[in-house]
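Peer 1: whatever this is, show me its structure:
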Amino acid sequence: MSVYSGSISGLISLRLSPDSPSGGGGGVSGGEGAGGSDLPPELGAPGAAPSPSLVRRRGVSVQLRQIDVSASAEDQANAALGQALRYVYGFLLVGMSVLVGVFLLSGFQSIREGERGLRVLLGRVVVDDLKPGFQWALPRPLGEIVTIDIGNKSMDVKDPFWPNQAGTPEARFGDEAALANSGRGKLDPVQDGMLLLGDLSIGHATIKIEYVRDAEKVKEFARNLHPTSEERLIRGVVMQAVVRASAGVTINQFRKDLDVQRRAQATAQQLLDKVGSGIRIQSLVLDRRMVPTNLIKTFNEVDNAIAKSAEEINKAQQERQARLSKAAGEGADDLLALIDLYDQQLTGGQEAASEETLAQIDKLLDGQAVETGQRVGARVTGDVSRMLSEARADQTRLVATAQSDARNFLVKLENYKTNPGVVLISDWTEAAAKFRSRETVQSFNVPSTTRTLDLLLNRDPAVVKDQERRRNEAETRRRQDDELRKAQEAGLAAPTP
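Peer 2: Okay, the predicted model is just below:
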């Protein structure tokens, strides 16, 4: 916009000629915005006609200068705008820096105990073994940290191989006694689950599985298996493995043999490794195994008979061992082995060898150690040792008694030849005294003048009672001596000096 002199804006420029009364070359400029109120009164108000006394009737030259005020305003606006833009730009830089920092910090992620992490960059795994703790990766969509739970997990597979002959789920998986009474008596392949065994029998089973995601193969798990498909894959693999393992065993092996479980677990693990699942089966257990419901009672009867037979065999073995230990102690087995060998050698006509074996038997019976095979046999103790010791003692006593009797007889024989009457009276008196000294003999004195004597004999109750007491005391002492001897043989008591 252009403004000329005389305008109300006060932007007036007057230039007088040199002959102006003001002294030439001077000029007057004024306006409301430039201190117009300081003009002399003679000039009048701005924009008013000049006073006639001031107007000279001679030529003047006036030059009007155009001033562009819009350029100055635009520069100021541009400067303000630039400054504002610089502020906004600074705010944007700060905000973007904060956002970038927050974006990068969002890449930190905590990996808990029992987990492993994978660092992914642009869809590719760059680190496959991140340990528990805080780990960092570029945030999405550039990258991420994928956590894999490696803790123990378990699942049950019940339906596929179990009969469906009961009305409710509780009754279906009840005890065998209830199932034996609630069955239909036959199996329906459409409704009932079953396993075909190697002897063409049928069995039923429920399965319990414990597994983990292998910490060394978390990359395989993340690449090949989605978590939502995990249980479905394991279930299918385990079912296939159990079918394979069951097809190679009989009904009795299926019911009791643990090899079926081991083979099923090995087969299932091979199938999981083949597809690169990264899963390791820790245990596969046939939790319940059962024959068809209409055969449960029959198999239970057989099991009870087998158990009873095993119990009786065990009792017989224990009784055998107890009797052998009582008879010969620790050397019983070695003694029996030598006796059997001696019998075989006699039967086979091996007289020299049988004599050597008999000598070893005698040594064992004497309490000596004998080499049997590659070891030294145990010494014989127990009743055999005691009986042999008593026999030797009786032998010694009998020999001594016989020798003493022989010496006495020879002495009496010489005395009898010299004076037979004295010897007879002496022997008769000695024999009568011994007879009367017996506990069971009672003496009765009668007058010598008695011609007829009727005897009504009856045992004296006091004597009978005393005899019974003595017998009981003797039996008690004998029993105590036996117990003490056994304790000494077992090393539980010190030998009696």
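Peer 1: contacts only, for the closest residue to Phe221 other than its chain neighbours.
Peer 2: The shortest distance from Phe221 to any non-neighbouring residue, by CB to CB, 6 or more residues apart in numbering, is to Gly278 (3.1 Å). The C-beta positions use only the backbone N, C-alpha and C, and glycine is treated the same way. Contact analysis of Gly278 by CB atoms under 8 Å, 6 or more residues apart in numbering lists Arg213, Asp214, Lys217, Val218, Lys219, Glu220, Phe221, Ala222, Asn224, Leu225.
Peer 1: do that again at 6 Å, thanks
Peer 2: Going by CB atoms under 6 Å, 6 or more residues apart in numbering, Gly278 touches Arg213, Asp214, Lys217, Glu220, Phe221.
Peer 1: show me those that map onto helices.
Peer 2: Using DSSP state H, the members of these that fall in helices are Glu220, Phe221.
Peer 1: from the contacts of Gly278, which is closest to Leu364?
Peer 2: Using CB to CB, Asp214 comes nearest to Leu364 of the contacts of Gly278, at 61.2 Å.
Peer 1: wait, the closest one sits on Ile281?
Peer 2: No. Look at Asp214 against Ile281 with CB atoms under 6 Å: they stay out of range, at 10.2 Å.
Peer 1: distance check, the residue nearest to Phe221 against Arg119.
Peer 2: Distance, Gly278 to Arg119, by CB to CB, to the nearest Å: 17 Å.
Peer 1: ditto for Gln350
Peer 2: 83 Å.
Peer 1: tell me which of these two has more neighbours.
Peer 2: Shown here are Gln350 and Arg119; by other CB atoms under 10 Å, Arg119 has more neighbours (21 against 15).
Peer 1: which ones are touching that one?
Peer 2: Per CB under 6 Å, 6+ apart, neighbours of Arg119: Val126, Val127, Ala137, Ile145.
Peer 1: helix, strand, or coil at it?
Peer 2: strand (DSSP: H, G, I helix; E, B strand; the rest coil).
Peer 1: per-residue confidence at Glu32?
Peer 2: Looking at Glu32, its pLDDT is 40.
Peer 1: in CSV, list the contacts of Arg119 along with neighbour count.
Peer 2: Output for these, formatted as CSV (neighbours: other CB atoms under 10 Å):
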residue, neighbour count
Val126, 11
Val127, 14
Ala137, 21
Ile145, 20
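Peer 1: what number of residues lie near Trp162?
Peer 2: 21.
Peer 1: how close does it sit to Ala322?
Peer 2: From Trp162 over to Ala322 (counting by CB to CB), the distance is 47 Å.
Peer 1: element containing Val146?
Peer 2: Using DSSP states H and E, Val146 sits in strand 143-149.
Peer 1: for that strand, which strands pair with it and how are they oriented?
Peer 2: strand 115-121 (antiparallel) (DSSP bridges).
Peer 1: so where do the strands sit in the stretch 1-150 of the chain?
Peer 2: For the stretch 1-150 of the chain, the strands defined by DSSP state E, counting those that start in this stretch occupy 12-15, 27-30, 108-111, 115-121, 124-130, 133-136, 143-149.
Peer 1: which one of those is the most hemmed in?
Peer 2: Mean neighbours per residue, mean count of other CB atoms under 10 Å, is largest over the strands of the stretch 1-150 of the chain for strand 115-121, with a mean of 20.
Peer 1: report the angle between the axes of that one and strand 124-130?
Peer 2: 160 degrees (axes from the mean of the first three to the mean of the last three CA atoms, to 10 degrees).
Peer 1: can you dump the C-alpha atoms of strand 115-121 in PDB for me?
Peer 2: Extracted C-alpha coordinates of strand 115-121, given in PDB (Å, rounded to 0.1, in the frame of the first residue of the first chain):
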ATOM      1  CA  GLU A 115      11.500 -70.300  30.500                       C
ATOM      2  CA  ARG A 116      13.900 -69.800  27.600                       C
ATOM      3  CA  GLY A 117      13.900 -67.000  25.100                       C
ATOM      4  CA  LEU A 118      14.400 -66.500  21.400                       C
ATOM      5  CA  ARG A 119      15.600 -63.200  20.000                       C
ATOM      6  CA  VAL A 120      13.900 -62.600  16.600                       C
ATOM      7  CA  LEU A 121      15.100 -59.900  14.100                       C
END
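Peer 1: what about the protein, any weak spots by pLDDT?
Peer 2: The model of the chain has pLDDT under 70 over residues 1-71, 165-171, 182-185, 372-378, 488-497.
Peer 1: could you point out which element follows the strand holding Val146?
Peer 2: Next along the chain after strand 143-149, taking DSSP H and E as the criterion, comes strand 153-157.
Peer 1: check the contacts of Gly278 and tell me the two furthest apart.
Peer 2: Arg213 and Glu220 (9.5 Å).
Peer 1: between the two, which is the more surrounded one?
Peer 2: Arg213 (23 against 18).
Peer 1: contact partners for the more buried one?
Peer 2: Applying CB under 6 Å, 6+ apart, the residues contacting Arg213 are Ile148, Ile150, Phe221, Gly278, Ile279.
Peer 1: may I have the beta-bridge partners of it?
Peer 2: Ile279.
Peer 1: quick check: it vs Lys219, distance?
Peer 2: Counting by CB to CB, the gap from Arg213 to Lys219 is 11 Å.
Peer 1: kindly report the same for Ile207.
Peer 2: From Ile207 to Lys219 the distance is 29 Å (CB to CB).
Peer 1: these two: who's more crowded?
Peer 2: Ile207 (24 against 18).
Peer 1: quick one: that one is in a strand?
Peer 2: Yes. Assessed by three-state DSSP, Ile207 belongs to a strand.
Peer 1: nearest residue to it in space, please, no chain neighbours.
Peer 2: Val157 (4.1 Å).
Peer 1: same thing with Arg244?
Peer 2: Using CB to CB, 6+ apart, the closest residue to Arg244 is Thr267 (5.5 Å).
Peer 1: can you tell me the helix or strand for the one you found?
Peer 2: helix 259-274.
Peer 1: contacting residues around that helix?
Peer 2: So helix 259-274 is contacted by Val237, Val238, Ala241, Val242, Arg244, Ala245, Val249, Ile279, Ile281, Leu284, Val285, Leu286 (CB under 6 Å, 6+ apart).
Peer 1: that'll do, ta.
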